[in-house]
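J.: Sharing a model that was predicted from the sequence below.
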Amino acid sequence: MKFTKSIKPEEVKRDWILIDAKDKTFGRLITEIATILRGKHKPYYTPHVDCGDYVVVINADKVRFSTSKKLSDKYYAHTGYFGHVKEETVEKLLKTNPEKLFKLATRGMLPKTKLGRKMLKKLKVYAGENHPHTAQVKGN
């Protein structure tokens, strides 16, 4: 009988993947990023182990949105006081802080556990072309 191999955390080999977000659709890009962060693109994917790679996203401010989602989609945050719910549209987040927009959207697609928070730390997002990870990223 053959069994599926379950990988151990110390056996995981991590790569650095560079993604250029210029003129790519936001939702499709986020699903691709979440898949890479979870490690589902690897043949030895194990759900309870962080198998994912590091992801560096450049040109985050030049991403494309389908239809009118820039105006209709909103992200909410609560301050802790009664009635103090803050909301920001995607358009405002894209102008002021595209890194936060990418992290919030990707966080929704990762597990809501300690493992998911660990995976999200491997996402590096930059608004422009330049990034400090040139030594790690191959083919740059």
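T.: Great, that's in hand. Numbers count the residues shown, from 1 in each chain.
J.: Secondary structure class of the spatially most central residue of the chain, three-state.
T.: For the chain, Thr106 is the residue whose C-alpha lies nearest the centre (C-alpha atoms, centre = their mean; 4.1 Å). Of the three states, Thr106 takes helix according to DSSP: H, G, I helix; E, B strand; the rest coil.
J.: what about it, distance to Thr134?
T.: In this view, Thr106 and Thr134 are 22 Å apart by C-beta to C-beta, to the nearest Å. Backbone N, C-alpha and C define where each C-beta goes, glycine included.
J.: all strands of the protein, in order?
T.: Using DSSP state E, the strands of the chain run over 16-20, 54-58, 74-78, 85-89, 123-125.
J.: What is the shortest one packed up against?
T.: Contacting strand 123-125 under the criterion 3 or more C-beta pairs under 8 Å, 6 or more residues apart in numbering; DSSP states H and E are the following elements: strand 54-58, helix 98-107.
J.: for this protein, what are the low-confidence residue spans?
T.: Counting by pLDDT under 70, the chain has low-confidence residues at 139-140.
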